[in-house]
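Student: Sequence plus predicted model, see below.
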Amino acid sequence: MAVLFSIAVGALIVVATTIHQRDQEQIEQQSRALAESEQRFRTVVTSAEEAIITADSRGTIVAWNAVRRRCSATARRTRPAGRSRC
């Protein structure tokens, strides 16, 4: 009976270890995918020729790109006639 119990416990440990390893691999894969997605987002925002403003779920502005900063500074200095890209 003790041998059977020992085998059962050993099998549980093997199963738990396998599940843990699979979970760790999944977490690492998701972390890599998130890092790649964040890099793509940064590339788009920094290379955009148009202003990009990011707001949270309450509508509070949390970030904007360099084009938006330039547009804001330009708008304060001059008020060009016609349509502005900013």
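Tutor: Ah, there it is.

Student: use CA for all of it now, contacts and neighbours both
Tutor: Noted.

Student: Distance check, the residue nearest to Ala55 when sequence neighbours are not counted against Ala48.
Tutor: Distances taken as Cα to Cα, 6 or more residues apart in numbering place Ile61 nearest to Ala55, at 4.2 Å, with adjacent residues excluded. Counting by Cα to Cα, to the nearest Å, the gap from Ile61 to Ala48 is 18 Å.

Student: for Gln30, same thing?
Tutor: From Gln30 to Ala48 the distance is 27 Å (Cα to Cα).

Student: now Arg42
Tutor: Plainly put, Arg42 is 10 Å away from Ala48 if you go by Cα to Cα.

Student: What residue spans form the domains of this protein?
Tutor: 1-47, 51-81 (automatic domain parsing).

Student: These: lowest mean pLDDT?
Tutor: When the domains of the chain are ranked by mean pLDDT, domain 51-81 comes last with a mean of 74.

Student: residue ranges of the strands in this structure, please?
Tutor: For the chain, the strands defined by DSSP state E cover 53-55, 61-64.

Student: what does the shortest one contact?
Tutor: Spelled out, it's strand 53-55. 61-65, 68 (Cα atoms under 8 Å, 6 or more residues apart in numbering).

Student: Give the pairing partners of it; include direction for each.
Tutor: Strand pairing for strand 53-55, using DSSP bridges, gives strand 61-64 (antiparallel).

Student: Identify the residues contacting the residue lying closest to Thr54 once chain neighbours are set aside.
Tutor: Nearest residue to Thr54, sequence neighbours excluded (Cα to Cα, 6+ apart): Ala63, at 5.1 Å. Listed by Cα under 8 Å, 6+ apart, the contact set of Ala63 reads 53-55.
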